[in-house]
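Peer 1: Here is a sequence together with a model predicted from it:
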Amino acid sequence: MGTLSKYLGRLQTVAIGKQRLAVVAVVVAMLAAGCVQQPERGSVASVSPPPPPWTLQTSTMRWNDYACDVIARNQAGQFPAARTLAYVNLAINNAIIVARQQGRRPDGAISGAAATTLVAFFPKEEEAIGQRLAGEMAAMGIDGQAEFAAGVDVGRSVATVVIAAAKSDRSDLVWAGPLPAGADKWSSRAQPPRPPLGPRQGEIRPFFLASGADYRAPPPPGYDSPAFRATLAEVRAISDRRTIEQLRIAQYWEGLSGSFNAGYWNDVTKRAIVAHRLGEADSARVLALVHMVAVDATIACHDSKYVYWVPRPTQLDPGIHLAIAVPNHPSYPSNHACISGAIGLVLDAQFPDEGGRYFAMAREAGESRIYGGIHYRIDVDEGFVIARKVAARALATGVPVDRPFVPIGS
């Protein structure tokens, strides 16, 4: 609020007039709470030739850029990054729909929804987020400020509902142990050993699935079976003869910094949106769909991980040389295959003219984990099975264009 007070002071010294001051006062009240917006589905246009990358910079796109910056600045972690982008884009999507129902322009609602949701996830960023929103307001012409302020109020209201859903999704469940005993069960490779990451993520409420157990993977082969020995031997063989290309692919998909893999796929999605010239509502709908399906795929994957507690390859064969860091959770199935696979399938469904390029990218992401020495092929194969099921459910359910989307998981 200190930043907003300075902003108001500047406006007053320029003798803005009573009407404009009233509008700004409304905006100040709304900035303390936040704002929202919503997208809709549209047809895919021809992509020949693609527009320059700076075109179609809609409010939805710009607030996604900013959300990724906030995530990177706070180094939130893989799952918090994915969860943040899912709820931010859900709030934007729903705000656009509500604003349209009220006959209002979407811009203010989008800004209000995104700002309010981001503050809920990163309260220490409240001043910076408020400055950004105040800057948008200051840049509006006098005639547009009242409409923008009204949109912010719509967005704030929509975001409040989305934030309440986020607070009740069980992502704050605490794991108290114990670790399963036995040489055939996962144990931390960290030094010193640390508790597993995300052992209760499978219990989080999904967006499209009924529960994380909907698509639980089958039990892996027995560790003394020929099938399991073969999958372990493949990891060792790649480790012993890893090529420069395999090393670079493994490193490319590691995603341990910035806005993590959620931010990577956010950027891929935005590029597709620009190339296909989607408008505001369609952009928001696609981004919401992509990030919500990513969360559901993570939930489904972790449900299976912590049913079976499969050891990482280096636990069973310390002679495997790693190309990347080992995640501190069980091996089976692969998060990269589950998440990237589901996103790739959803993007291919949104942009069928691309010829399946997004799932091809996801397949490389899955393979990268074998190249890196941290996953077996069975992890990747079963991860893609989960991805296909999660993506199919999300696409069948869809994100409606005429009403706000509410998570349907239990």
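Peer 2: Here it is on my side, so go on.

Peer 1: Just the element for residue 365, please.
Peer 2: Using DSSP states H and E, residue 365 maps to helix 357-372.

Peer 1: now that helix: mean pLDDT?
Peer 2: For helix 357-372, the mean per-residue pLDDT is 98.

Peer 1: What distance do you get for the spatially most central residue of the chain to residue 145?
Peer 2: For the chain, the residue nearest the mean C-alpha position is residue 82 (3.0 Å; CA atoms, centre = their mean). Separation of residue 82 from residue 145 (CB to CB, to the nearest Å): 35 Å. In short, each C-beta sits where N, CA and C put it, glycine included.

Peer 1: for the stretch 1-150 of the chain, what spans make up the helices?
Peer 2: 2-13, 18-31, 59-74, 78-101, 106-121, 126-139, 142-167 (DSSP state H, counting those that start in this stretch).

Peer 1: Dump those helices into a markdown table; add distance to residue 286 and mean pLDDT as well.
Peer 2: Formatted as a markdown table, the helices of the stretch 1-150 of the chain follow (distance: least, CB to CB, whole Å; pLDDT from 0 to 100):
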| stretch | distance to residue 286 | mean pLDDT |
| --- | --- | --- |
| helix 2-13 | 33 | 37 |
| helix 18-31 | 27 | 35 |
| helix 59-74 | 10 | 95 |
| helix 78-101 | 9 | 97 |
| helix 106-121 | 14 | 97 |
| helix 126-139 | 23 | 93 |
| helix 142-167 | 18 | 94 |
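
Peer 1: How much space separates the residue nearest to the centre of the chain from residue 168?
Peer 2: Taken as CB to CB, the span from residue 82 to residue 168 is 18 Å.

Peer 1: How about residue 407?
Peer 2: The gap separating residue 407 from residue 168 is 10 Å, by CB to CB.

Peer 1: Same check on residue 179?
Peer 2: 29 Å.

Peer 1: who's more crowded, these two?
Peer 2: residue 179 (14 against 11; other CB atoms under 10 Å).

Peer 1: out of the helices of the stretch 1-150 of the chain, nearest to residue 378?
Peer 2: Among the helices of the stretch 1-150 of the chain, the nearest to residue 378 by CB to CB is helix 78-101 (21.9 Å).

Peer 1: Just to check, residue 253 is in contact with residue 361?
Peer 2: No. The pair residue 253 / residue 361 is not scored as a contact, 9.3 Å apart, by CB atoms under 8 Å.

Peer 1: Next, residue 184: phi, psi?
Peer 2: Note on residue 184: backbone dihedrals following degrees, to the nearest 10 are phi -90, psi 10.

Peer 1: Return the per-residue confidence for it.
Peer 2: Reading off the model, residue 184 has pLDDT 92.

Peer 1: now residue 141
Peer 2: Per-residue confidence at residue 141 stands at 81 (pLDDT).

Peer 1: Counting neighbours, what do you get for it?
Peer 2: Residues near residue 141, counting by other CB under 10 Å: 7.

Peer 1: What separation do you get for it and residue 148?
Peer 2: Look at residue 141 and residue 148: by CB to CB, they are 10 Å apart.

Peer 1: what's the answer for residue 140, then?
Peer 2: Counting by CB to CB, the gap from residue 140 to residue 148 is 5 Å.

Peer 1: More neighbours: these two, which one.
Peer 2: residue 148 (23 against 17).

Peer 1: wait, doesn't the more buried one sit right on residue 106?
Peer 2: No. Judged on CB under 8 Å, residue 148 makes no contact with residue 106 at a distance of 10.6 Å.

Peer 1: what does the domain assignment say about the protein?
Peer 2: According to automatic domain parsing, the chain comprises the domains 2-167, 203-397.

Peer 1: Export those domains as CSV, with columns for distance to residue 191.
Peer 2: CSV is the format used below for these (distance: least, CB to CB, whole Å):
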stretch, distance to residue 191
domain 2-167, 20
domain 203-397, 11
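
Peer 1: nearest to residue 185, of the ones you listed?
Peer 2: Short answer: domain 203-397, nearest of the domains of the chain by CB to CB, at 4.6 Å.

Peer 1: For that closest one, measure first residue to last.
Peer 2: One end of domain 203-397 sits 21 Å from the other (CA to CA, to the nearest Å).

Peer 1: Tell me the gap between it and the middle of its chain.
Peer 2: Between the centre of domain 203-397 and the centre of its chain there are 13 Å (CA atoms, centre = their mean, to the nearest Å).

Peer 1: by contact count, what packs against the longest helix that the chain contains?
Peer 2: Longest helix of the chain, by residue count under DSSP state H: helix 280-308. The elements that helix 280-308 packs onto, with contact taken as 3 or more CB pairs under 8 Å, 6 or more residues apart in numbering; DSSP states H and E, are helix 59-74, helix 78-101, helix 106-121, helix 260-275, helix 335-350, helix 377-397.

Peer 1: Please work out the average pLDDT along it.
Peer 2: 98.

Peer 1: what's the angle between it and helix 335-350?
Peer 2: Angle, helix 280-308 to helix 335-350, by axes from the mean of the first three to the mean of the last three CA atoms, to 10 degrees: 150 degrees.

Peer 1: And for the spatially closest residue to residue 246 that is not a sequence neighbour, the neighbour number?
Peer 2: Counting by CB to CB, 6 or more residues apart in numbering, residue 246 lies nearest to residue 371, which is 4.0 Å off, once chain neighbours are set aside. Neighbours of residue 371 under the rule other CB under 10 Å: 24.

Peer 1: Was I right to think residue 371 contacts residue 242?
Peer 2: Yes. The criterion here is CB under 8 Å, and residue 371 meets it with residue 242 at 6.7 Å.

Peer 1: Touching both of the two, which residues are there?
Peer 2: Here residue 371 and residue 242 share the contacting residues residue 323, scored by CB atoms under 8 Å, 6 or more residues apart in numbering.

Peer 1: In TSV: the helices of the stretch 1-150 of the chain, plus distance to residue 304.
Peer 2: As requested, those are arranged in TSV below (distance: least, CB to CB, whole Å):
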stretch	distance to residue 304
helix 2-13	46
helix 18-31	43
helix 59-74	26
helix 78-101	16
helix 106-121	27
helix 126-139	37
helix 142-167	24
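
Peer 1: Good, we can wrap up now.
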